[in-house]
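Engineer: predicted model and sequence below, questions to follow.
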Amino acid sequence: MSEFLTIENLKVHYPIRSGFFNRITDHVYAVDGVNLSFESGKTYGLVGESGSGKSTIGKAIIGLEKLTEGRIIYEGQDVSNSATSRRSEYRRNVQMIFQDSLSSFNPKKRIIDILAEPMRNFSNMTSDEEKRKSIELLEIVGLTEEALHKYPHEFSGGQRQRIGVARAVALNPKLVIADEPVSALDLSVQAQVLNFMQRIQDEFGVSYLFISHDLGVVKHMSDEIAIMYHGRFTEYGTNQEIYSNPLHIYTRRLLSAIPQVDPNNREQNKINRLRVEKEYREEASQYFDGEGKVYDLQKVNEDHYVALKDIPTPVEGGIR
Ligand SMILES: Nc1ncnc2c1ncn2[C@@H]1O[C@H](COP(=O)(O)OP(=O)(O)O)[C@@H](O)[C@H]1O
Ligand SMILES: [Mg+2]
């Protein structure tokens, strides 16, 4: 098992200021003690409701957010403080895609300049090599050379996001953090972008931290899944374990809320959802401490961790 990146006890707390003197009166515990390790060629899904701290984890890893506590270890080196994480070796190998990644670029720049920017920052390519590489990248995401001299606004949302993916993988990074990469797109276009991401992974062995509030998309993409609630993980495990044997009431609640497309299952899904909601109201105190905080993760088995006070005993049929 080779982990190239490890996040240890990550905390990001934002100060809340108030009053006439604008003093710090409290903190938002956006991320509050998260551990995560990345191996090559795998997709790690990160799900949770809006405001649970998903983007903050991504930003902390990429170095856009200062750690309040914890460490980030890349290839055996501590890159926790942003001065070191800005070292080019790390910056080159950990890239990010946002919901509309091209909108973060100068709209007056042509695609060639957008694609070549990482090459200019991190390599010594000639402009011919940059051009050849850019064409290669466009082809990887199903576009042609013609795109090179166009501007971002000349593309559809799906195409722009594909270019964003191409740019992120331009220099063969080890990890791409994809924060809601398809959430702004129509369903049919989502599938296309996700397929390109998967093909790129098959070919180049990149890992993804795939952040989404959409459990359906995360299930489709991820090898491992972390469920996040109020800055902490309620559950972590392989795709198979999380979806077939969810142990935390919050995970079950999220899973029961996935819309059921099959009309034959809709009624059953509604019954399940109501049952889980009832359990959530009645049993939440078993899953959250006196202050409503999620417990530390406990090992259920090699492939499954859950945040409970005590380690659960496996029972016939899965749950509880
Ligand atoms: N710069 C900031 N200052 C203060 N609070 C912030 C800041 N950024 C995010 N937060 C808060 O941190 C929490 C987690 O936010 P975020 O990581 O964006 O969640 P998610 O991506 O899961 O929706 C939220 O309560 C959010 O309001
Ligand atoms: Mg977010």
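Structural biologist: That came through fine. Numbering: from 1, shown residues only. Ligands and ions are numbered 1, 2, ... in the order given.

Engineer: quick one: name the residues of this structure near ligand 1.
Structural biologist: For the chain, the contact set with ligand 1 under CB under 6 Å from any ligand atom comprises 14, 28, 30, 48, 50-56. For the C-beta atoms, the positions are set from N, CA and C on the backbone; glycine is no exception.

Engineer: all strands of this structure, in order?
Structural biologist: For the chain, applying DSSP state E gives strands covering 3-18, 23-39, 43-47, 69-74, 77-78, 94-97, 175-179, 207-212, 224-229, 232-238, 297-301, 304-307.

Engineer: format the ones you listed as JSON lines; extra columns: mean neighbour count.
Structural biologist: Rendered in JSON lines, the data for those read as follows (neighbours: other CB atoms under 10 Å):
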{"stretch": "strand 3-18", "mean neighbour count": "16"}
{"stretch": "strand 23-39", "mean neighbour count": "17"}
{"stretch": "strand 43-47", "mean neighbour count": "25"}
{"stretch": "strand 69-74", "mean neighbour count": "18"}
{"stretch": "strand 77-78", "mean neighbour count": "12"}
{"stretch": "strand 94-97", "mean neighbour count": "24"}
{"stretch": "strand 175-179", "mean neighbour count": "24"}
{"stretch": "strand 207-212", "mean neighbour count": "25"}
{"stretch": "strand 224-229", "mean neighbour count": "25"}
{"stretch": "strand 232-238", "mean neighbour count": "25"}
{"stretch": "strand 297-301", "mean neighbour count": "16"}
{"stretch": "strand 304-307", "mean neighbour count": "23"}
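
Engineer: got those strands as a markdown table, with mean pLDDT columns?
Structural biologist: Output for the strands of the chain, formatted as a markdown table (pLDDT from 0 to 100):
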| stretch | mean pLDDT |
| --- | --- |
| strand 3-18 | 95 |
| strand 23-39 | 95 |
| strand 43-47 | 98 |
| strand 69-74 | 96 |
| strand 77-78 | 91 |
| strand 94-97 | 94 |
| strand 175-179 | 97 |
| strand 207-212 | 97 |
| strand 224-229 | 97 |
| strand 232-238 | 97 |
| strand 297-301 | 94 |
| strand 304-307 | 96 |
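
Engineer: using a markdown table, lay out those strands together with distance to Asn265.
Structural biologist: Listed next are these as a markdown table, based on distance: least, CB to CB, whole Å:
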| stretch | distance to Asn265 |
| --- | --- |
| strand 3-18 | 37 |
| strand 23-39 | 33 |
| strand 43-47 | 21 |
| strand 69-74 | 42 |
| strand 77-78 | 49 |
| strand 94-97 | 33 |
| strand 175-179 | 29 |
| strand 207-212 | 22 |
| strand 224-229 | 22 |
| strand 232-238 | 24 |
| strand 297-301 | 27 |
| strand 304-307 | 25 |
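
Engineer: how close does Val276 sit to ligand 1?
Structural biologist: 21 Å (CB to the nearest ligand atom, to the nearest Å).

Engineer: burial of the nearest residue to Arg160 once chain neighbours are set aside, as a residue count?
Structural biologist: Counting by CB to CB, 6 or more residues apart in numbering, Leu102 is the residue found nearest to Arg160 once chain neighbours are left out, at 4.4 Å. Residues near Leu102, counting by other CB atoms under 10 Å, number 24.

Engineer: try the one 5 residues further on
Structural biologist: Around Pro107 there are 9 other residues, counting by other CB under 10 Å.

Engineer: which stretches of the stretch 201-320 of the chain have low pLDDT?
Structural biologist: 312-320 (pLDDT under 70).

Engineer: where do the helices of the chain begin and end?
Structural biologist: All helices of the chain, identified by DSSP state H, fall at 54-62, 82-85, 88-93, 111-122, 127-140, 157-168, 187-204, 215-221, 239-244, 249-256, 263-287.

Engineer: list the beta-bridge partners for Val34.
Structural biologist: Beta bridges link Val34 to Leu10, judged by DSSP bridges.

Engineer: that one touches Tyr44, doesn't it?
Structural biologist: No. Between Val34 and Tyr44 there is no contact under CB atoms under 8 Å: 11.9 Å.

Engineer: how about Ile62: what's its closest non-neighbour residue?
Structural biologist: Among residues not flanking Ile62 along the chain, Met96 sits closest, at 5.1 Å (CB to CB, 6+ apart).

Engineer: what residues are up against that neighbour?
Structural biologist: By CB atoms under 8 Å, 6 or more residues apart in numbering, Met96 lies in contact with 58, 62, 168, 176-179.

Engineer: and those, which two are the farthest apart?
Structural biologist: Between any two of those, the greatest separation by CB to CB is 12.5 Å, found for Gly58 and Ala168.
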